[in-house]
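Novice: sequence unavailable; structure follows:
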């Protein structure tokens, strides 16, 4: 009887201890999980087709400049593959404005401008990409938080992105994954 009671206590204690090992997500990460549950719509985006000139801590996409931390290999890989680039973010911001703005006067004013994209121009930004492994549904799909910081704006802008590689296999290193990856989701947080 004493042995059974000890065994029961051991099993209960083990269950409680193992139950507590589950990692608790931060509120920011919980927001990311909720975002992908409610807002996710897969789409295919084009890779950058212009001229890319990388240096130690910056990448020039035609005439648009992006700064990166030279020790951040993940961000550098994604940027150099042309999956994320300033012109894409400019187009995204303009389309977001057109889709979400209900003020007809602002929309008319935008159409009257010589270069309507100029108001949304993304240039001279610092970029950081962070993987969100708890959101990766399969080995072929990886999801990230993209943070951009413009020195002329007070706050950074965060995006969720998804890269898909149909040839990916389990335990594939990141550089290999990115080579054949496509951007399949982009949305501002």
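Specialist: Everything's here; your move. All figures in this text were calculated on a predicted structure; none of them were measured in a lab.
Novice: what's the following helix or strand after the helix or strand of the chain with the lowest mean pLDDT?
Specialist: Least confident helix or strand of the chain, by mean pLDDT, DSSP states H and E, is helix 2-20 with a mean of 45. Counting by DSSP states H and E, the element after helix 2-20 in chain order, helix or strand, is helix 27-39.
Novice: counting contacts, what elements does the helix or strand just after that next one pack onto?
Specialist: For helix 27-39, the succeeding helix or strand toward the C-terminus, using DSSP H and E, is strand 52-54. Where contact means 3 or more C-beta pairs under 8 Å, 6 or more residues apart in numbering; DSSP states H and E, strand 52-54 is packed against strand 58-61, helix 73-80. Using the backbone N, CA and C atoms, a C-beta is placed for each residue, glycine as well.
Novice: one more time with 10 Å
Specialist: For strand 52-54, the packing partners by 3 or more C-beta pairs under 10 Å, 6 or more residues apart in numbering; DSSP states H and E come out as strand 58-61, strand 64-67, helix 73-80.
Novice: got those as TSV, with distance to residue 115 and mean pLDDT columns?
Specialist: Shown next, in TSV, are the helices and strands packed on strand 52-54 (distance: least, C-beta to C-beta, whole Å; pLDDT from 0 to 100):
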stretch	distance to residue 115	mean pLDDT
strand 58-61	18	94
strand 64-67	14	94
helix 73-80	25	94
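Novice: got the ones you listed as TSV, with distance to residue 166 and mean neighbour count columns?
Specialist: Shown next, in TSV, are those (distance: least, C-beta to C-beta, whole Å; neighbours: other C-beta atoms under 10 Å):
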stretch	distance to residue 166	mean neighbour count
strand 58-61	26	19
strand 64-67	27	18
helix 73-80	17	19
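Novice: columns distance to residue 184 on top of the ones you listed, output as TSV?
Specialist: Supplementary listing: those in TSV, determined by distance: least, C-beta to C-beta, whole Å:
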stretch	distance to residue 184
strand 58-61	20
strand 64-67	21
helix 73-80	13
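Novice: any idea which of those gets closest to residue 36?
Specialist: Comparison of the helices and strands packed on strand 52-54 against residue 36 by C-beta to C-beta identifies helix 73-80 as nearest, at 18.5 Å.
Novice: now do the following helix or strand past that closest one, average pLDDT.
Specialist: Sequence-wise, the next helix or strand downstream of helix 73-80 (DSSP H and E) is helix 86-100. Taken as a whole, helix 86-100 has an average pLDDT of 87.
Novice: helices or strands next to helix 86-100 in the packing?
Specialist: strand 58-61, strand 64-67, helix 104-112, strand 125-131, strand 141-150, strand 157-164, strand 182-188.
Novice: in this protein, what spans have low per-residue confidence?
Specialist: Applying pLDDT under 70 to the chain flags residues 1-23, 110, 112, 114, 116-119.
Novice: residue 40 is nearest to which of the helices and strands packed on helix 86-100?
Specialist: Evaluated over these, closeness to residue 40 peaks at strand 182-188, with 6.6 Å, by C-beta to C-beta.
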